[in-house]
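S.K.: I would like the atomic coordinates for the input below:
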Amino acid sequence: MLAEGRIIMKLMGRYRVVKPVRFFVCILIMVMGLSTLLFTVFGPSTEAAAADTYRQVVVHENETIWTIAEENCPSGTDPRIHVKEICEINDVDPGEIQPGDVLIVPVEA
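M.R.: Down below sits the predicted model:
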């Protein structure tokens with residue numbers, strides 16, 4: 001006969017749950033872990049959902065990064081954020097751009 005502290009006890013070729021609360025807690029933890037694993041592997045990709053779409057913009061006479069950001073940023077957002085993004089993506093300072101330069105600008109997907 002098996003030890004009394006076991007969760008499941010074999011009795012005449014069948015299994016019997018000795019401590020049902022502990023058994024169901026274990027099953028619940030396994031189901032939640034499996035669900036989390038499956039959602040992580042097959043769930044929606046956060047990178048794809050958060051990915052920006054980019055566009056090339058040619059700098060014209062009297063244009064600044066600020067005006068380019070205002071033209072291409074979604075309405076209701078702060079252009080300062082987009083100015084910073086444009087500078088980081090293109091590795092330029094706001095005063096360095098010249099007419100004819102091509103900048104990569106994030107746009108609303």
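
S.K.: burial count for residue 107?
M.R.: Other residues near residue 107 number 14, with proximity taken as other C-beta atoms under 10 Å. In this view, the C-beta of every residue, glycine as well, is placed from N, C-alpha and C.

S.K.: and what of residue 85?
M.R.: 17.

S.K.: what of residue 84?
M.R.: Neighbour tally, residue 84, other C-beta under 10 Å: 14.

S.K.: packing partners of the biggest helix by length in the chain?
M.R.: Secondary structure of the chain read by DSSP state H shows that its longest helix is helix 20-42. With contacts defined as 3 or more C-beta pairs under 8 Å, 6 or more residues apart in numbering; DSSP states H and E, helix 20-42 has no helix or strand neighbours.

S.K.: could you redo the last one with a cut-off of 10 Å?
M.R.: The helices and strands touching helix 20-42, judged by 3 or more C-beta pairs under 10 Å, 6 or more residues apart in numbering; DSSP states H and E, are strand 8-11.

S.K.: now do the helices in this structure.
M.R.: Under DSSP H, the chain gives helices at 20-42, 46-50, 65-72, 79-90.

S.K.: most tightly surrounded among these?
M.R.: helix 65-72 (a mean of 18; mean count of other C-beta atoms under 10 Å).

S.K.: roughly how far is it from the heart of the chain?
M.R.: 26 Å (C-alpha atoms, centre = their mean, to the nearest Å).

S.K.: what mean pLDDT does that helix have?
M.R.: Average pLDDT, helix 65-72: 87.

S.K.: so which elements touch that helix?
M.R.: Contacts defined by 3+ C-beta pairs under 10 Å, 6+ apart place helix 65-72 against strand 53-58, helix 79-90, strand 102-107.

S.K.: as TSV, the ones you listed with distance to residue 25 and mean pLDDT would be great.
M.R.: Converted to TSV, those look like this (distance: least, C-beta to C-beta, whole Å; pLDDT from 0 to 100):
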stretch	distance to residue 25	mean pLDDT
strand 53-58	47	88
helix 79-90	47	89
strand 102-107	47	88
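
S.K.: all good on my end, thank you.
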